[in-house]
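[1] Coordinates for the following, if possible.
(2 chains)
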Amino acid sequence: AQSVTQLDSQVPVFEEAPVELRCNYSSSVSVYLFWYVQYPNQGLQLLLKYLSGSTLVKGINGFEAEFNKSQTSFHLRKPSVHISDTAEYFCAVRLYGNQFYFGTGTSLTVIP
Amino acid sequence: DGGITQSPKYLFRKEGQNVTLSCEQNLNHDAMYWYRQDPGQGLRLIYYSQIVNDFQKGDIAEGYSVSREKKESFPLTVTSAQKNPTAFYLCASIRRGVEERGYTFGSGTRLTVV
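    Below is the predicted model of the structure:
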């Protein structure tokens, strides 16, 4: 079955330190890849997406992600995190049609 | 601005009661989805609808029902048959043909059984 795996359920990091949230997908076909952020008791907001072209994509709030086809990965990175980045982050893949598959989420906690 | 409105934000239900969660969108999106979110389990698909008057079961449809009488509206009913309904419920939508834009989500409804 096609799936998305987020390898870390919780990631604590000190403020102003870099962070990487990992996402791997299982597919040999062309995909659309997305990262969403969810603040407490809110819906999901789109951070960034990869459709095609340049493998490094930049999103909102200083986040970026790199698509690696050979490793089937789409890891999310930020060079320096802020307290306000504390949230849940979801990786998602669209294989065909309008059906998306979501990972189980990574809870990022930024420590002052 | 267009968006998805979920109401109410918080909902309390007594055991044995049916409750209905509202989801309305003014984005002219074709497809709508209901997800359930529990801690550590990510998003699980309950039901989805691609067009008016048609809907399909997702992975955890038991104990839930939906309707799609209007393009803008996709209410979810949590029935008494749902044994553990306490969760955060998210509604999402997307426009066919522009899937590269991703889903748009509502702000969620937190349901608690008391």
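[2] For chain A, give me the ranges with low pLDDT.
    Flagging of chain A using pLDDT under 70 yields the residue ranges A:1-2, A:28-29.
[3] rerun that using 90 as the cut-off
    Scanning chain A for pLDDT under 90 picks out A:1-3, A:7, A:26-31, A:40-41, A:52-54, A:69, A:94-101.
[4] Output the longest strand belonging to it.
    In terms of residue count, the longest strand belonging to chain A (DSSP state E) is strand A:87-96.
[5] mind listing what residue 86 touches?
    This is for chain A. A:108, A:109, A:110 (CB atoms under 8 Å, 6 or more residues apart in numbering or on different chains). Every C-beta, even on glycine, is put in place using the N, C-alpha and C of the backbone.
[6] not quite, I wanted chain B
    Remark: with contacts taken as CB under 8 Å, 6+ apart, residue B:86 is in contact with B:111, B:112, B:113.
[7] Ok, residue A:37 next?
    With CB under 8 Å, 6+ apart as the criterion, the residues that contact residue A:37 are A:44, A:45, A:47, A:61, A:87, A:88, A:89, A:90.
[8] Can I get these in a markdown table including distance to chain B?
    Formatted as a markdown table, the entries for the contacts of residue A:37 read as follows, by distance: CB to the nearest CB, whole Å:
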| residue | distance to chain B |
| --- | --- |
| A:44 | 4 |
| A:45 | 7 |
| A:47 | 10 |
| A:61 | 16 |
| A:87 | 14 |
| A:88 | 9 |
| A:89 | 11 |
| A:90 | 7 |
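[9] CSV for the contacts of residue B:86, including pLDDT?
    Formatted as CSV, the entries for these read as follows, by pLDDT from 0 to 100:
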residue, pLDDT
B:111, 95
B:112, 94
B:113, 90
